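[1] kindly generate the corresponding structure for this input.
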Amino acid sequence: MGDLFEFPSHRFSIKRNGIRLAGRVSVGSTLPPLLLLHGHPQTHVMWHRVAPRLSEFYRLVMLDLRGYGDSDRVPSDASHTTYSKREMALDAMAVMRELGYERFAVLAHDRGARVAHRLACDHPEAVSQIMLLDIAPTLAMYELATSNFATAYWHWYFLIQPPPLPEALIESDSVRYLRQVMGKRHAGLKAFAPPALSEYERCIQRPGSAAAICEDYRASAGIDLEHDRSTRSSGQKLQMPLRVLWGEYGAVGANFDVLALWRECASKVEGQSLPCGHYIAEEVPDLLLDDALRFFDRQPTPF
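    Predicted coordinates for the structure are as follows:
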């Protein structure tokens, strides 16, 4: 990964309840912390185009979610609790505390953004600001899903089918599955640096990856919705500043009123679309950097 992360940083491996959580942290212990969470079917490597600049202002903690990257693949349970976003949020809390941080900002994409949302709901005292990339709230996306959305996000419904069928189909050619999911979106596979794509391919071929991916999505279609409904019924809204960005050419903005849905979940919401597809950090890294640095108060120019 030296050709992707050419700035001072190092890999870490931290255990929580016997589960190894891997990732990369930049140097600069006096800088404010920024937690970065990736999406499916990727790893922390997805931040390689924005991390060098961000590391000038923040100590970056780039975590591989459980089941992804070099973090452990964990046996699941009948209720899929093991891969609930609540459990993944506790992973993130454990990593940040191990590194000495009780309060931090979060920048997260896709599945990682769903973890970040639950992290902010369950541990609001820990999250100072949060930026989410190309998602609407999980509960709203399931409740408001249309045939157009289901066609674009077919993997949501494929991955939640009972085992072992989706696991077996992915394992029959996991690289083909990854390339199909990532390459059929707006920018195609050309959006990804070859070393990054190679890293995604390496990690999805690790034993247990297919099962972990399916359990992540089964949790989102089950226990995560229970947690989200409980949060909604309690009247809880996020109080920290929240900024959401989505791809102008992606399925999320085309199928949902992103800002309106987030304003049902949070009190201080702003955001906009960017001229790209789903993979914002790799398609338009400069635009993301400008936006993130302004939001996280490192460039005070108004939006």
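[2] just give the closest residue to the spatially most central residue of the chain, not the sequence neighbours.
    In the chain, the centroid-proximal residue (CA atoms, centre = their mean) is residue 112; its distance is 1.8 Å. In space, residue 112 comes closest to residue 37 once its chain neighbours are excluded; the distance is 2.8 Å by CB to CB, 6 or more residues apart in numbering. (Each C-beta comes from the backbone N, C-alpha and C, glycine too.)
[3] returning to that earlier point: next, the residue nearest to the centre of the chain: phi, psi?
    Per-residue torsions, residue 112: phi -60, psi -30 (degrees, to the nearest 10).
[4] need the pLDDT of it.
    Reported pLDDT at residue 112 in the predicted model: 98.
[5] so it is in contact with residue 67, correct?
    No. In this structure, residue 112 is not within contact of residue 67 by CB atoms under 8 Å, at 11.9 Å.
[6] follow-up on the earlier one: could you check how far the residue nearest to residue 112 is from residue 229?
    Using CB to CB, to the nearest Å, residue 37 is found at 23 Å from residue 229.
[7] of these two, who's got more company?
    More crowded of residue 37 and residue 229, by other CB atoms under 10 Å: residue 37, with 31 against 12.
[8] tell me the contacts of that one?
    With contact set as CB atoms under 8 Å, 6 or more residues apart in numbering, residue 37 has these partners: 63, 65, 92, 106, 107, 108, 109, 111, 112, 113, 115, 116.
[9] could you list which of those belong to helices?
    92, 111, 112, 113, 115, 116 (DSSP state H).
[10] if we only consider these, which is nearest to residue 247?
    Among the ones in helices among the contacts of residue 37, residue 113 lies closest to residue 247 (CB to CB), at 13.0 Å.
[11] that closest one - nearest residue in space that isn't next to it in sequence?
    Excluding its sequence neighbours, the residue lying closest to residue 113 (CB to CB, 6+ apart) is residue 132, at 4.1 Å.
[12] swap in residue 63?
    Leaving aside its chain neighbours, residue 63 sits nearest to residue 23 (4.2 Å; criterion: CB to CB, 6+ apart).
[13] right, I'll call it a day here.
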